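Chemist: Structure for this input, please:
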Amino acid sequence: MTGLEAKNIWSRLSSSSLVRFLLFVACGWASVQLLAYFESIIVIFAFAAIIAFLLSYPVKWLTRYIPHSVATILIFLISMTIIAGVTVTVGLTIISQGQQLIDSVTRFLDSLVPLSNQVEEFFRSRNIQIDLSVFEAQFRNQALSWLATSLTIFQGFITNFVTFIFIAVVAFFMLLDGGKLWELIMKAAPKQRRTHITKIVRKNFLGFFRGQLILTLFLTLSTFIVFTVLQVPFALILSVMVGVIDIIPGIGATLAVALVTLIVLSQSVWLALKVLVACIVLQQIQDNFISPRVMQGALNLNPVVVFFALLVGARVAGLLGIFISIPIAGVIVSLFEIDEMKAEVE
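Modeler: Alright, predicted model coming up:
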C-alpha cells in the first residue's frame, strides 16, 4: 500500500465514525468490568433463570389440571427436594472419592520418577543430555493442581447453602411471575418483533439447556453403569467428570474421554483401554442417535462461531460464560439472521 493510498483511506474516516468506534470499544470494556463487579449476583440470577426455564415444562403440563400457582409450588417443592437429596448424597460420595483419587494419582506420579530416570540414562548412554525433571515437576504440579481445584470448587458449590437458597428463591418467583417480567423486558423491543424475539430466545436458551441436561444425564448414568460393571475405581466421580465436561460443545466429549482414560491409566493399562473403548462407544451413541433427537435444531451455529463464543464467554464470565455463551450466540445469529455464521444443513 502506497503512502497516497493510505492517506486516501484515512481521509475517508470521518471523525464521527472514529468516535462511534471508540465509544463501542469503551462500552464493551465497561460491560466486561460491570460483569466482573456483579459476578456473584449475575451467577445467582443466571442459574435461577436456567432452573426456572427447565421447570416451566412440567409446570405448563400440570397447569392443564390444577391452577398455575398450585402447579408452580408443587413442581418447585418436588424438584428442590430431589436436587437437595441428590446433591447431599451424591455430592458427599464424590468428595470422598475425589480425595482418594488425588491420593491415587499422587502415588502414580511418584512411581513415574524411576521411569524418567531410566529414560534419562538411556539418552545419556547415547551422548544426549536431557533433563526430564523439569517436565516431570510441571506435569505433576498441573495435574494435582487441576484435580484439587476442581474438587475444591465442587465442595464449595454443594456446601454454600446461602447461595443455593438465594438461587432457589429467585427461581421460584421467576417461575411464578416470569411471564410478566418477560413482558416488561419485551416492551423495549418493537411491538411487531416481540413474538419473534420470544420464539428465538425460547428456542436457543430453553432448547439448548434442555438438550444439554438430557445428554449430560445420559452420558453420566451410562458411564457410571459401564464403569461399575468394569469395576473401575472411583466410578462415580469419573462418570460425573465425563458428564460435566461433555457440556462443552464440540470438544467436551473428547476431552472427557482423554482425561478419564489418563486417570484410569494410573490403575491399569488394560483397564484404561477398556474404559477408552467403552467411552468412545457411548459417545458415538450419544452423537449419532440421542443428540439429533433431543437438540432438534435448537442451535444452528458454525463450529468456528461455537468455539469463538466459548472463548469469549470464558474470558468474560468464567464458568458461567461457558454455560451461556453458546445460546447467547445462537440468539444473536438468529435474531440478525446472519446466515454465514450458521452451520451448513446437509
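
Chemist: Skip ahead from the helix or strand where residue 34 lies and say which helix or strand is next.
Modeler: Using DSSP states H and E, residue 34 falls within helix 15-37. With elements assigned by DSSP H and E, the helix or strand that comes after helix 15-37 is helix 39-62.

Chemist: Now find how far off-centre that following helix is within its chain.
Modeler: Centre-to-centre, helix 39-62 and its host chain are 16 Å apart (Cα atoms, centre = their mean, to the nearest Å).

Chemist: Now do the buried residues in the host helix or strand of residue 175.
Modeler: Per DSSP H and E, residue 175 falls inside helix 161-186. Buried residues in helix 161-186, counting neighbours by 16 or more other Cβ atoms under 10 Å, are found at 164, 166-168, 170-172, 174-176, 178, 186. In short, each C-beta sits where N, CA and C put it, glycine included.

Chemist: How about stretch 43-56?
Modeler: 43-44, 46-56.

Chemist: Can you tell me which of those residues is closest to residue 152?
Modeler: For these, the residue nearest residue 152 by Cβ to Cβ is residue 43; the value is 16.9 Å.

Chemist: okay, that closest one: pLDDT?
Modeler: pLDDT for residue 43: 76.

Chemist: on that earlier part again, how far off helix 39-62 does the helix holding residue 175 point, in degrees?
Modeler: Orientation check (axes from the mean of the first three to the mean of the last three Cα atoms, to 10 degrees): helix 161-186 against helix 39-62 gives 70 degrees.

Chemist: other SSEs contacting the next helix or strand after helix 161-186?
Modeler: As assigned by DSSP H and E, the chain's next helix or strand after helix 161-186 is helix 194-201. Helices and strands touching helix 194-201, by 3 or more Cβ pairs under 8 Å, 6 or more residues apart in numbering; DSSP states H and E, are helix 161-186, helix 303-335.

Chemist: orientation of the first one relative to helix 194-201 in degrees?
Modeler: Using the same axes, to 10 degrees, the interaxial angle of helix 161-186 with respect to helix 194-201 works out to 150 degrees.

Chemist: The last one too?
Modeler: Inter-element angle recorded for helix 303-335 and helix 194-201: 160 degrees (by the same axes, to 10 degrees).

Chemist: Pull out the buried positions in helix 303-335.
Modeler: Buried residues in helix 303-335 (16+ other Cβ under 10 Å): 305-306, 309-310, 313, 316-317, 320-334.

Chemist: Same check on stretch 31-45?
Modeler: So for stretch 31-45, counting by 16+ other Cβ under 10 Å, buried means 42-44.

Chemist: Distance check, the spatially closest residue to residue 246 that is not a sequence neighbour against residue 216.
Modeler: Closest residue to residue 246 apart from its sequence neighbours, by Cβ to Cβ, 6 or more residues apart in numbering: residue 252 at 4.6 Å. According to Cβ to Cβ, to the nearest Å, residue 252 stands 10 Å off from residue 216.

Chemist: Which other helices and strands does the top helix by length along the chain contact?
Modeler: Across the chain, the helix with the greatest residue count (assigned by DSSP state H) is helix 68-124. Helices and strands touching helix 68-124, by 3+ Cβ pairs under 8 Å, 6+ apart, are helix 39-62, helix 133-159, helix 161-186, helix 235-245.

Chemist: Quick one: distance of the shortest one to the chain centre.
Modeler: I take that to be helix 235-245. Relative to its parent chain, helix 235-245 has a centroid offset of 13 Å by Cα atoms, centre = their mean.

Chemist: count of neighbours near residue 26?
Modeler: 10 (other Cβ atoms under 10 Å).

Chemist: isn't residue 230 right next to residue 277, touching?
Modeler: No: using Cβ atoms under 8 Å, residue 230 is not in contact with residue 277, being 10.2 Å away.

Chemist: if we can go back for a sec, lowest average pLDDT across the helices and strands packed on helix 68-124?
Modeler: Among those, helix 133-159 scores lowest, with a mean of 66.

Chemist: just to revisit the earlier point, relative to the whole chain's centre, how far out is the longest helix of the chain?
Modeler: So, by Cα atoms, centre = their mean, the centroid of helix 68-124 is 16 Å from its chain's centroid.

Chemist: and it, average pLDDT?
Modeler: Taken as a whole, helix 68-124 has a mean pLDDT of 76.
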